[in-house]
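**Student:** everything below, folded, please.
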Amino acid sequence: MKMENPLLLFPQLNISASKDKAYYKKSVIKEEPHKASKAGAKQKRNRLSLLLQKPEFHEGDPLGKAGSLTKAASSVSPEEAVKWGESFDKLLSEKAGLDAFTKFLKTEFSEENIEFWIACEDYKKSKSAHELLPKAKTIFETFIQKDAPKEVNLDFHTKEATMRSMAQPGRGTFEAAQSTVYRLMEQDSYPRFLSSAAYLRLLQRTAPARAALRRRSRSFTASDFKGARPEPALW
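**Tutor:** Residues are numbered from 1 along each chain as shown. Below you'll find the model as predicted:
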């Protein structure tokens, strides 16, 4: 008896084609949302970049402008660098210090913290109430909301309070979040900045002057007591 083709008797056995089709469909389904999310994140970054370039976003706030940080860290005097080590607030209050700290955070891939702090400083200086809403929305979408392109590390309660405040943004909308990020930088990133090679190089510029001063002091002490006889040792 001639055996017929089993695929003709049992067409359900022909599963190779169906598997291929199913696999193809799955791969398409998984890939499209991934592309969409990447495109969405890129679009948000582009919106933020365009907004930061607008003069009204930084109106009255020199810290908000990247171009205002014209004083390079290499031109900082040792005396200025020493002041940066006195407190974190003094570091951020000077343009050169803010610039140097921002560059340091970029080496640690955590520059979103200082960018958020700068954006909050600019936000609080808004001159009119109608400026608050678009700025608040941009800050929230860029730094606060889940999967934001530059999401900062906030605890649950602070994030929830900020989200509730977004219903009617005011100048204190981001105050709690800004304070949290400030403390994080002060306790974590700031000590590492003071120990970094770039900062230590600024301080080392004072070493030759101090060495010369010590040499002069020793010379003066030796000449001042030249010819003096030592007192007899007391036993």
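**Student:** the helix or strand containing H157: what's the following helix or strand?
**Tutor:** Counting by DSSP states H and E, the element that carries H157 is helix 156-165. Per DSSP H and E, the first helix or strand lying C-terminal to helix 156-165 is helix 175-184.
**Student:** how about residues contacting that next one?
**Tutor:** 88, 113, 116-117, 120, 144, 152-155, 158-159, 161-162 (CB atoms under 8 Å, 6 or more residues apart in numbering). Every C-beta, even on glycine, is put in place using the N, C-alpha and C of the backbone.
**Student:** which of those tops the neighbour count?
**Tutor:** F116 (25 neighbours; other CB atoms under 10 Å).
**Student:** how much space between that residue and Q204?
**Tutor:** 32 Å (CB to CB, to the nearest Å).
**Student:** cool, E111 as well?
**Tutor:** E111 sits 26 Å away from Q204, going by CB to CB.
**Student:** coming back round to it: from the contacts of helix 175-184, which is closest to R171?
**Tutor:** C120 (10.0 Å; CB to CB).
**Student:** quick check: chain neighbours aside, which residue is closest to the closest one?
**Tutor:** Nearest residue to C120 in three dimensions, chain neighbours excluded: Q178, at 4.1 Å (CB to CB, 6 or more residues apart in numbering).
**Student:** okay, now the unreliable bits of this structure?
**Tutor:** By pLDDT under 70, the weakly predicted segments of the chain are 1-74, 205-235.
**Student:** ok, which stretches of it are strands?
**Tutor:** With DSSP state E, there are no strands along the chain.
**Student:** what are the boundaries of the helices in it?
**Tutor:** According to DSSP state H, the chain carries its helices in the segments 6-9, 16-53, 78-84, 88-93, 95-107, 112-124, 129-139, 156-165, 175-184, 190-194, 197-203, 207-224.
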